[in-house]
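K.L.:
Next come a sequence and a model predicted from it.
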2 protein chains.
Amino acid sequence: MQTELSKRLGVEHALFGFTPFPAVAAAISRAGGFGVLGAVRYTAPDELQRDLDWIEAHADGRPYGLDVVMPAKKVGGVTEADVEAMIPEGHRQFVKNTLAEHGVPELAEGEASGWRITGWMEQVARTQLDVAFDRPIKLLANALGSPPADVVARAHDKGILVAALAGSARHAIKHREAGIDVVVAQGYEAGGHTGEIATMVLTPEVVDAVHPLPVLAAGGIGSGEQAAAALALGAQGVWLGSIWLTTTEAGLPSPVLVRKLLAAGSGDTVRSRALTGKPARQLRTAWTDAWDDPQGPGALPMPLQGLLVAEAVTRIQKYGVEPLLGTPVGQIVGRMNSERSVQAVVDDLTRGFERAVDRINRIAGRSQQ
Amino acid sequence: MQTELSKRLGVEHALFGFTPFPAVAAAISRAGGFGVLGAVRYTAPDELQRDLDWIEAHADGRPYGLDVVMPAKKVGGVTEADVEAMIPEGHRQFVKNTLAEHGVPELAEGEASGWRITGWMEQVARTQLDVAFDRPIKLLANALGSPPADVVARAHDKGILVAALAGSARHAIKHREAGIDVVVAQGYEAGGHTGEIATMVLTPEVVDAVHPLPVLAAGGIGSGEQAAAALALGAQGVWLGSIWLTTTEAGLPSPVLVRKLLAAGSGDTVRSRALTGKPARQLRTAWTDAWDDPQGPGALPMPLQGLLVAEAVTRIQKYGVEPLLGTPVGQIVGRMNSERSVQAVVDDLTRGFERAVDRINRIAGRSQQ
């Protein structure tokens, strides 16, 4: 599974794996794919530094990358406290009531809220970049629009390719104008923040819109047949996130959550603003139902919602409160039915890809080699 | 583009084209695909008879099929008048107000409402079947669940394959249990009634669920690359509906509507209950906005909504009232940018398919023939 982009990056398979877990990122690269570590949940630069160094030590010299969440627009001088002050009291009460309804215990006195997305704040993202640019990453991806021009220039100076996610051809064209090297076209069926346009339609639209820039297809890809489909649509590789969540290397903190992921079908996710304030696909739970209920107060815009629910999400995760417990994940969750090693997932992807190529050649009436 | 199913039906390409226009259905079959006439808008059996005879006379002896909307569950003895009586007055007033806001003229005294979906009523669908079973159709598709057992048996007696649409693996399994021969897996991005699961995820799920029954992929397919992707996912053919709307043979009644379709992007559709009461993807218009507005009364359930809006839709279409004028269409509308003949569309599909096969072989490192 080789494309111009995979050759340029020096990887065996044009498989890009996004993951918040260093052990998964390293294993993807070792297996011949390209591991990308998600940085958004790192608050302390030394933790990111430690984990990037760990990947370097465990990637067998294979290339890997980093994914940050950096807004292109500056929000000058706004602190977390300023944002906290904008949250209406009624919404805080709604969080309390929903947790109380499900008997979610409080955190112990002085216990920190572990789940906290602050990486979207520019000062945090910039600290992450200072760490990353001193390390041998080969790709820097940004999940929220094009990164600022100085960041693109700094990456290019270091020989690092810059990728950015897009949910529409319009977004993708903006990325090209910002000097981005690789566009990740993320379809409706993907986990996390997504638009409304499905991968089957979005991929070729983005490919046409930014030609000759390479495009990675994201959303709905968990098998080699799906990878073949995305490559047939013109992508130069596939970008997979959800499929790694149930790998043995992932080490999700909650066995209840692993069980829910393994049991969920493709119809058990929802595109909800419950987690961050922007529509993000995740497991449907009593928590997303509460926020999506027209009778409720509704989610606040980003970044307010993320701050509002941070402690609640920590409590739900810590105590494994099953009805409320969820995670960002795509519709592909329907085929995540067993815990497997990253290597087993990659082997399955490459074998399925070869099967799909055989199949498509038979349908095209081409002789088999 | 040949599969077991296309060979069984004796067609050159595994391309199935659904259309309400006899001229399009015949042209698809002449071009080497399989034309399927949608019957839902026929109220008079002699009109359907006339149009099926016309197709037979213009299909050059190639096979074609019919698509009906037949509920598996009987709704015993309910007349259209009974259903009309269930529509709340507030909803009728909302229709009047919305039309008045946009200055939509009344129909002339005694002028019939041309747009009226009654084919979903079992007695109408059965009359359509009496006509169809006397004609040499090769496939009977049902858009609303599995057809009743006696209809399946009657089709099989005549050597007619029975297909049914499915938006989930669960639906597909029900179809197999009902003796259906072909499942059409219709993804989220499709025009008309759809579920939430995108084609990329739905197709392989349905293929696995009903194996070894053949599956056609529907939703998001308008190019040969997309056809190749769907076939890589395990489909035995592709089912295209939207792409024919802007063919020269289609003859859409309104030039305003054709202009809107040609101008629309993939983000200009919405999955709305405005038209039939069930979620159906269509152009987003001031009409769908009015029904989807949380401040409005909201759409009624099927079949009430269809009856409620029938006259309004006729008036909007007749007078070409641009802001309100829409049609069921999939996200693929973004690539419907010129009026072309059916033959040109089929040529484009087969050429794009060959390009995609070349591409996937290059990526797989297989030698080119």
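P.N.:
Ah, there it is.

K.L.:
got any ranges where chain A has weak pLDDT?
P.N.:
A:71-77, A:112-121, A:368-369 (pLDDT under 70).

K.L.:
Okay, buried residues for the helix or strand harbouring A:R176 please.
P.N.:
Using DSSP states H and E, A:R176 sits within helix A:169-177. For helix A:169-177, the neighbour count (16 or more other CB atoms under 10 Å in any protein chain shown) marks A:169, A:171-172, A:174-176 as buried. The way it works is simple: take the backbone N, C-alpha and C, and place the C-beta from them, glycine included.

K.L.:
Please apply the same query to stretch A:28-35.
P.N.:
Using 16+ other CB under 10 Å as the test for burial, stretch A:28-35 gives A:28-35.

K.L.:
A:G334 - nearest residue in space that isn't next to it in sequence?
P.N.:
Among residues not flanking A:G334 along the chain, A:S266 sits closest, at 3.3 Å (CB to CB, 6 or more residues apart in numbering or on different chains).

K.L.:
The helix or strand containing A:D82 - contacts with which helices or strands?
P.N.:
Assessed by DSSP H and E, A:D82 sits inside helix A:80-85. Contact here means 3 or more CB pairs under 8 Å, 6 or more residues apart in numbering or on different chains; DSSP states H and E; on that basis helix A:80-85 packs against helix A:304-318.

K.L.:
Report the separation between A:E111 and A:R315.
P.N.:
Distance, A:E111 to A:R315, by CB to CB, to the nearest Å: 10 Å.

K.L.:
who has more neighbours, these two?
P.N.:
Regarding A:E111 and A:R315, a neighbour count based on other CB atoms under 10 Å in any protein chain shown identifies A:R315 as having more, with 20 against 12.

K.L.:
Just list the residues touching the more buried one, thanks.
P.N.:
For A:R315, the contact set (CB atoms under 8 Å, 6 or more residues apart in numbering or on different chains) comprises A:99, A:104-107, A:321.

K.L.:
6 Å instead, please
P.N.:
A:V104 (CB atoms under 6 Å, 6 or more residues apart in numbering or on different chains).

K.L.:
With A:E339 instead?
P.N.:
A:246, A:248.

K.L.:
Need the single longest helix in chain A, by residues.
P.N.:
Longest helix in chain A, counting residues (DSSP state H): helix A:342-364.

K.L.:
What is that helix packed up against?
P.N.:
The elements that helix A:342-364 packs onto, with contact taken as 3 or more CB pairs under 6 Å, 6 or more residues apart in numbering or on different chains; DSSP states H and E, are helix A:22-30, helix A:224-232, helix B:224-232, helix B:342-364.

K.L.:
Could you export it as PDB, keeping only the C-alpha atoms?
P.N.:
Output in PDB follows, covering the C-alpha atoms of helix A:342-364 (Å, rounded to 0.1, in the frame of the first residue of the first chain):
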ATOM      1  CA  VAL A 342      -1.700  -2.900  16.800                       C
ATOM      2  CA  GLN A 343       0.400  -5.300  14.700                       C
ATOM      3  CA  ALA A 344      -2.700  -7.600  14.300                       C
ATOM      4  CA  VAL A 345      -4.800  -4.600  13.200                       C
ATOM      5  CA  VAL A 346      -2.200  -3.500  10.600                       C
ATOM      6  CA  ASP A 347      -1.900  -7.100   9.300                       C
ATOM      7  CA  ASP A 348      -5.700  -7.200   9.000                       C
ATOM      8  CA  LEU A 349      -5.600  -3.900   7.100                       C
ATOM      9  CA  THR A 350      -2.900  -4.900   4.600                       C
ATOM     10  CA  ARG A 351      -4.500  -8.400   4.000                       C
ATOM     11  CA  GLY A 352      -7.900  -6.800   3.500                       C
ATOM     12  CA  PHE A 353      -6.400  -4.300   1.100                       C
ATOM     13  CA  GLU A 354      -4.900  -7.100  -1.100                       C
ATOM     14  CA  ARG A 355      -8.200  -9.000  -1.100                       C
ATOM     15  CA  ALA A 356     -10.000  -5.800  -2.200                       C
ATOM     16  CA  VAL A 357      -7.500  -5.300  -5.000                       C
ATOM     17  CA  ASP A 358      -8.000  -8.900  -6.200                       C
ATOM     18  CA  ARG A 359     -11.800  -8.400  -6.100                       C
ATOM     19  CA  ILE A 360     -11.700  -5.100  -8.000                       C
ATOM     20  CA  ASN A 361      -9.400  -6.700 -10.700                       C
ATOM     21  CA  ARG A 362     -11.800  -9.600 -11.100                       C
ATOM     22  CA  ILE A 363     -14.700  -7.100 -11.500                       C
ATOM     23  CA  ALA A 364     -12.700  -5.100 -14.100                       C
END
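
K.L.:
Quick one: name the residues of the stretch 51-200 of chain A near chain B.
P.N.:
A:188-189, A:197-200 (CB under 6 Å from any CB of the partner chain).

K.L.:
redo that, cut-off 8 Å
P.N.:
A:168-169, A:187-189, A:195-200 (CB under 8 Å from any CB of the partner chain).

K.L.:
Got a PyMOL select line for the buried ones in the residues you listed?
P.N.:
In PyMOL, this line selects whichever of these come out buried by 16+ other CB under 10 Å:
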select buried, chain A and resi 168+169+187+188+189+195+196+197+198+199+200
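
K.L.:
CSV for the residues of the stretch 51-200 of chain A next to chain B, including secondary structure?
P.N.:
Shown next, in CSV, are those (DSSP: H, G, I helix; E, B strand; the rest coil):
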residue, secondary structure
A:S168, coil
A:A169, helix
A:G187, coil
A:Y188, coil
A:E189, coil
A:G195, coil
A:E196, coil
A:I197, coil
A:A198, coil
A:T199, helix
A:M200, helix
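
K.L.:
Looking at the residues of the stretch 51-200 of chain A next to chain B, spot the one nearest B:E354.
P.N.:
Using CB to CB, A:M200 is the member of these that lies nearest B:E354, at 19.1 Å.

K.L.:
Name the nearest residue to the closest one, ignoring sequence neighbours.
P.N.:
What sits nearest to A:M200 in space, not counting adjacent residues and going by CB to CB, 6+ apart, is B:G220, at 3.5 Å.

K.L.:
just checking, that neighbour is part of a strand?
P.N.:
No. Per three-state DSSP, B:G220 lies outside any strand segment and is coil.

K.L.:
residue contacts, it?
P.N.:
So B:G220 contacts A:198, A:200-201, B:187, B:189-190, B:198-199, B:226, B:330-332 (CB under 8 Å, 6+ apart).

K.L.:
can you give me phi and psi for it?
P.N.:
For B:G220, the backbone dihedrals (degrees, to the nearest 10) come out as phi 80, psi 10.

K.L.:
Which stretches in the stretch 151-300 of chain A count as strands?
P.N.:
Using DSSP state E, counting those that start in this stretch, the strands of the stretch 151-300 of chain A run over A:161-166, A:182-186, A:192-193, A:215-218, A:237-240, A:269-272, A:280-283.

K.L.:
In JSON lines: the ones you listed, plus mean neighbour count and distance to B:M1.
P.N.:
Shown next, in JSON lines, are the strands of the stretch 151-300 of chain A (neighbours: other CB atoms under 10 Å in any protein chain shown; distance: least, CB to CB, whole Å):
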{"stretch": "strand A:161-166", "mean neighbour count": "25", "distance to B:M1": "30"}
{"stretch": "strand A:182-186", "mean neighbour count": "30", "distance to B:M1": "25"}
{"stretch": "strand A:192-193", "mean neighbour count": "23", "distance to B:M1": "35"}
{"stretch": "strand A:215-218", "mean neighbour count": "31", "distance to B:M1": "22"}
{"stretch": "strand A:237-240", "mean neighbour count": "30", "distance to B:M1": "24"}
{"stretch": "strand A:269-272", "mean neighbour count": "24", "distance to B:M1": "33"}
{"stretch": "strand A:280-283", "mean neighbour count": "22", "distance to B:M1": "33"}
